[in-house]
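*Asks:* One predicted model, sequence on top.
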Amino acid sequence: MSLFVAVRPDAAAAEDLQEAIARARRAAPGPELRWQSPGHWHLTLAFLGNPDDSVADEVAARLADLEATPSIPDLRLAGSGTFGGQVLWVALEPGPAHDALADIARRIPPLMRGSGAVADWRPWRAHLTIARARRGSPERVVDALDGYIGPRWGVSSVLLIRSTGGPRPQHHVIETIPLTGVSPGPPRSPA
């Protein structure tokens with residue numbers, strides 16, 4: 001089991017991406033890909049390792065510091081690529097909304113110090129994984145999605161998600177942190 005913080009595209013953005021993927025699959029059949037369920041689509045802001053269940057409450061309490069962040073309008077998925085020729089993803093369009101989400105991602109690891117969760121400190125790469133290659137290269141699908149530009153959507157909360165592995169991974173939202181632009185109280189100082 002793993003713990004991570006993420007945002008999800010809204011219903012209209014997810015539906016538009018599903019339609020674009022369907023067109024790309026028809027235009028560029030080829031490699032054997034294991035497609036992510038749209039219900040699992042997300043942009044990971046921070047991976048927090050595999051802490052015990054008892055750590056989740058502390059992590060959620062620390063994430064409350066993000067509530068003072070204003071919601072983010074005008075995110076948009078655009079373009080595609082791969083990691084290592086195996087993981088197929090759709091990118092987040094560069095711009096102010098991307099930068100605001102990147103700022104949230106940068107703020108999470110320091111909040112986790114001393115929480116029992118181990119935050120990944122690598123630089124954030126905004127992407128939404130849509131498939132993994134079982135055999136072959138997904139480059140033809142990447143090329144078919146390269147010009148993809150989705151509708152704009154906004155983020156008004158971040159999610160703390162517990163993922164269970166296995167052949168059919170499950171994602172369970174264990175906390176929703178609203179982005180209200182209003183401080184939830186005195187700032188917490190990580191231990």
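*Replies:* Perfect, thanks for sending it. Numbers count the residues shown, from 1 in each chain.
*Asks:* Look at residue 123 and give its secondary structure.
*Replies:* Secondary structure state of residue 123, per DSSP: H, G, I helix; E, B strand; the rest coil, is coil.
*Asks:* List the beta-bridge partners for the spatially most central residue of the chain.
*Replies:* With distances taken as C-alpha atoms, centre = their mean, the residue of the chain nearest its centroid is residue 43 (1.4 Å). Note on residue 43: beta-bridge partners residue 7, judged by DSSP bridges.
*Asks:* With residue 58 as the reference, measure out to it.
*Replies:* 24 Å (C-beta to C-beta, to the nearest Å). C-beta: built from backbone N, CA, C; applies to glycine.
*Asks:* can you check residue 174 too?
*Replies:* Distance, residue 174 to residue 58, by C-beta to C-beta: 12 Å.
*Asks:* One more: residue 49?
*Replies:* As judged by C-beta to C-beta, residue 49 and residue 58 stand 13 Å apart.
*Asks:* Give me the common contacts of these two.
*Replies:* Counting by C-beta atoms under 8 Å, 6 or more residues apart in numbering, the contacts common to residue 49 and residue 58 are residue 117.
*Asks:* just the helices in this protein please.
*Replies:* Here the chain has its helices, by DSSP state H, at 11-27, 55-63, 96-112, 139-145.
*Asks:* Export these as a markdown table, with columns for mean neighbour count, distance to residue 155 and mean pLDDT.
*Replies:* A markdown table is the format used below for the helices of the chain (neighbours: other C-beta atoms under 10 Å; distance: least, C-beta to C-beta, whole Å; pLDDT from 0 to 100):
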| stretch | mean neighbour count | distance to residue 155 | mean pLDDT |
| --- | --- | --- | --- |
| helix 11-27 | 15 | 11 | 92 |
| helix 55-63 | 18 | 14 | 92 |
| helix 96-112 | 18 | 7 | 95 |
| helix 139-145 | 19 | 22 | 81 |
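*Asks:* Kindly state which of the ones you listed is positioned closest to residue 83.
*Replies:* The closest of the helices of the chain to residue 83 is helix 139-145. By C-beta to C-beta, the value is 11.1 Å.
*Asks:* what sits opposite residue 34 in the beta ladder?
*Replies:* As for beta bridges, residue 34 partners with residue 132 under DSSP bridges.
*Asks:* Next, find the distance separating the nearest residue to residue 55 once chain neighbours are set aside from residue 176.
*Replies:* Among residues not flanking residue 55 along the chain, residue 116 sits closest, at 3.8 Å (C-beta to C-beta, 6 or more residues apart in numbering). Separation of residue 116 from residue 176 (C-beta to C-beta): 21 Å.
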